[in-house]
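J.: need a structure here:
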Amino acid sequence: MISCKVIMPPLPLFKTDKMLRAVENALDNVAKDVKIDFQVTTLTFDHKVEFTIDSERGKRQIYTTDPPYFYVNYGTRVRHALMSKDFKPKTRTGYIGSNKGKGGVVFISKKINLPGIVAREFDRVIQEKWQKQLPDILQRAIDAEIGSGG
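T.: Now for the predicted structure:
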């Protein structure tokens, strides 16, 4: 007669509740860091731009509803503002940050169509930065939680 006995390890192999808690905590921390990156891009704006973090299990969304931020981030096809000759923008494409800038609007008219605002693509740059870092951050959080023995 053949018999079979299942030998189970004394502890579960996967502590899913601890792993989920570790992932959720890590996502919360990364979302706060992403929000800071977005805020840094608006430090020299003339108004305060509010960013919101929405949380669902396993998912974080950071966003704003500020129209001027959309114009700078996504760019525009045309603009109706004539800038001073010494104009230097406060932000630049592919850079997480903002600078003092120089000059400004000299004249606004719907009758003139000048080349639009070049998209700064803050969202793309910030996403690329954190997508590279996130796997390692999540793995360290899981390792710390599982290895803690608690």
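J.: how about the helices of this protein, start to end?
T.: With helices called from DSSP state H, the chain shows them at 16-40, 67-74, 122-147.
J.: the second one relative to helix 122-147, how many degrees between them?
T.: Going by axes from the mean of the first three to the mean of the last three CA atoms, to 10 degrees, helix 67-74 is angled at 90 degrees with respect to helix 122-147.
J.: what angle sits between helix 67-74 and helix 16-40?
T.: Using the same axes, to 10 degrees: helix 67-74 against helix 16-40 is 100 degrees.
J.: quick one: least confident helix or strand in the chain?
T.: Least confident helix or strand, the chain: strand 105-108 with a mean of 75, by mean pLDDT, DSSP states H and E.
J.: keeping just the C-alphas, turn that one into PDB.
T.: C-alpha atoms of strand 105-108 as PDB (Å, rounded to 0.1, in the frame of the first residue of the first chain):
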ATOM      1  CA  VAL A 105       3.900  89.700 -21.300                       C
ATOM      2  CA  VAL A 106       4.000  92.900 -23.200                       C
ATOM      3  CA  PHE A 107       0.800  92.800 -25.100                       C
ATOM      4  CA  ILE A 108      -2.300  90.400 -25.400                       C
END
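J.: can you give me the buried ones in it?
T.: Buried positions in strand 105-108, judged by neighbour count with 16 or more other CB atoms under 10 Å: none. For the C-beta atoms, the positions are set from N, CA and C on the backbone; glycine is no exception.
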